[in-house]
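Colleague: Sequence first, predicted coordinates after that:
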Amino acid sequence: MSELAHAMPFARLLGLDLTDATPDRVVGTITVKAELCTVGDSAHGGALMAFADCLAAIGAHLNLPDGAGGTVSIESKTNFLGRATSGTRLVGTALPVSVGRRVSVWQTTIEDEAARAIALSVQTQLVL
């Protein structure tokens with residue numbers, strides 16, 4: 001599974017560790033580090049969005065039809081629901097809402113290890 005995450009240099013920068021990756025579910029973790037924080041030692045919203053985007057992209061990749069050239073995010077919406085500080089381990093779970101021949105839509109929940117909601121993201125991935 002790590003080769004899926006490590007194929008994306010940005011996922012390596014985030015420290016993404018995949019724990020489950022199937023066409024129907026992608027689960028991964030990151031640990032919030034100071035470089036991913038904003039003022040007040042809180043995880044930056046962009047870091048949370050990037051984490052969700054990586055998981056959804058992996059799910060979309062696992063559902064690519066034969067002959068496809070890859071996938072790219074074409075829409076993303078994230079609700080920030082809680083605060084995560086430096087050192088917090090986050091768990092993200094991406095589930096497909098709809099998988100078609102040209103686009104797939106993924107919903108990703110991000111929680112801390114106590115299962116507190118940190119963010120909820122919905123993304124659309126285009127098949128290239």
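Modeller: Received it, and whenever you're ready, just let me know what you need.
Colleague: residues touching the nearest residue to residue 117 once chain neighbours are set aside, list them.
Modeller: Computed as CB to CB, 6 or more residues apart in numbering, the closest residue to residue 117 that is not its neighbour in sequence is residue 81, at 4.3 Å. (Each C-beta comes from the backbone N, C-alpha and C, glycine too.) By CB atoms under 8 Å, 6 or more residues apart in numbering, residue 81 lies in contact with 117-120.
Colleague: repeat that for 10 Å
Modeller: Under the criterion of CB atoms under 10 Å, 6 or more residues apart in numbering, the neighbours of residue 81 are 48, 109-111, 116-120.
Colleague: Equivalent analysis for residue 37, please.
Modeller: With CB under 10 Å, 6+ apart, residue 37 has these contacts: 43-44, 47, 84-86.
Colleague: Which residue ranges of this structure form helices?
Modeller: 2-6, 9-14, 45-62 (DSSP state H).
Colleague: Which other helices and strands does the second one contact?
Modeller: This means helix 9-14. Packed against helix 9-14, as judged by 3 or more CB pairs under 10 Å, 6 or more residues apart in numbering; DSSP states H and E, are the following elements: helix 2-6, strand 25-31, helix 45-62.
Colleague: Let me know which of the ones you listed is tucked in deepest.
Modeller: helix 45-62 (a mean of 23; mean count of other CB atoms under 10 Å).
Colleague: how close does the one residue sitting closest to the centre of the chain get to residue 23?
Modeller: When CA atoms, centre = their mean is applied to the chain, the residue found nearest the centroid is residue 52 (2.3 Å). Going from residue 52 to residue 23 by CB to CB, to the nearest Å gives 18 Å.
Colleague: Check residue 80 too.
Modeller: With distances taken as CB to CB, residue 80 is found 28 Å from residue 23.
Colleague: Which one of the two is surrounded by more residues?
Modeller: Taking neighbours as other CB atoms under 10 Å, residue 80 and residue 23 compare with residue 80 leading, 17 against 14.
Colleague: residues contacting that one?
Modeller: With CB under 10 Å, 6+ apart, residue 80 has these contacts: 42-43, 45, 48-49, 110, 117-121.
Colleague: Alright, that wraps it up for me.
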